[in-house]
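In: no sequence on this one, just coordinates:
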């Protein structure tokens with residue numbers, strides 16, 4: 001993309017002449033946010049971030065994912081949520097993690113939606129809602145059995 005924007009062909013042997021320095025200097029400075037990035041380019045940048053993370057270069061990975069996530073790439077948004085939740089390459093910040101997971105979940109990323117709901121549940125003191133439900137049901141069952149025994153003891157046996 002960068003090469004073609006200055007008049008070069010993709011193979012280096014194009015028919016377009018090389019730009020003159022004055023033409024090059026006159027080009028506006030292009031910032032990342034100004035670029036029109038295609039999905040294929042987003043995936044390539046995301047994959048570079050994954051490769052950096054696998055090498056242990058988490059700071060680089062987070063910076064690459066940040067760029068792609070700001071363009072709306074759901075996998076990068078999910079990975080940023082994980083990085084912020086665990087403090088990998090960035091300071092640990094659960095609120096920022098929740099923000100990235102919510103953005104990914106809005107695009108249909110199921111694991112991001114699950115992580116966001118778990119984080120919200122932990123924030124409100126509900127560590128394991130299912131285990132608490134089972135404990136409450138067991139308590140109710142014990143109370144019911146106790147009541148049935150009391151009722152049965154008051155019945156006459158003939």
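Out: Yep, it's here. It should be emphasised that the depicted structure is a prediction, and the values quoted were computed from it without experimental measurement.
In: CA only for contacts and neighbour counts going forward, please
Out: Noted.
In: could you list the low-confidence segments of this protein?
Out: Applying pLDDT under 70 to the chain flags the ranges 1-37, 124-130, 133, 156-158.
In: outline the domain layout of it.
Out: 1-30, 36-123, 129-158 (automatic domain parsing).
In: what helix or strand is residue 92 on?
Out: Using DSSP states H and E, residue 92 falls within no helix or strand.
In: which residue is the nearest non-sequential neighbour of it?
Out: The shortest distance from residue 92 to any non-neighbouring residue, by CA to CA, 6 or more residues apart in numbering, is to residue 84 (5.0 Å).
In: element containing the one you found?
Out: Assigned by DSSP H and E, residue 84 falls in helix 74-86.
In: mind listing what's buried along whichever helix or strand comes after that helix?
Out: As assigned by DSSP H and E, the chain's next helix or strand after helix 74-86 is helix 94-106. Within helix 94-106, the residues scored as buried using 16 or more other CA atoms under 10 Å are 94, 96-105.
In: next one: stretch 67-82
Out: For stretch 67-82, by 16+ other CA under 10 Å, it's 67-69, 71-82.
In: now, among these, which is nearest to residue 153?
Out: residue 82 (57.8 Å; CA to CA).
In: does the closest one really touch residue 97, like I thought?
Out: Yes: Residue 82 is in contact with residue 97 according to CA atoms under 8 Å; the separation is 6.6 Å.
In: re earlier: for burial, what's the neighbour tally of the residue nearest to residue 92?
Out: Residue 84: 22 surrounding residues under other CA atoms under 10 Å.
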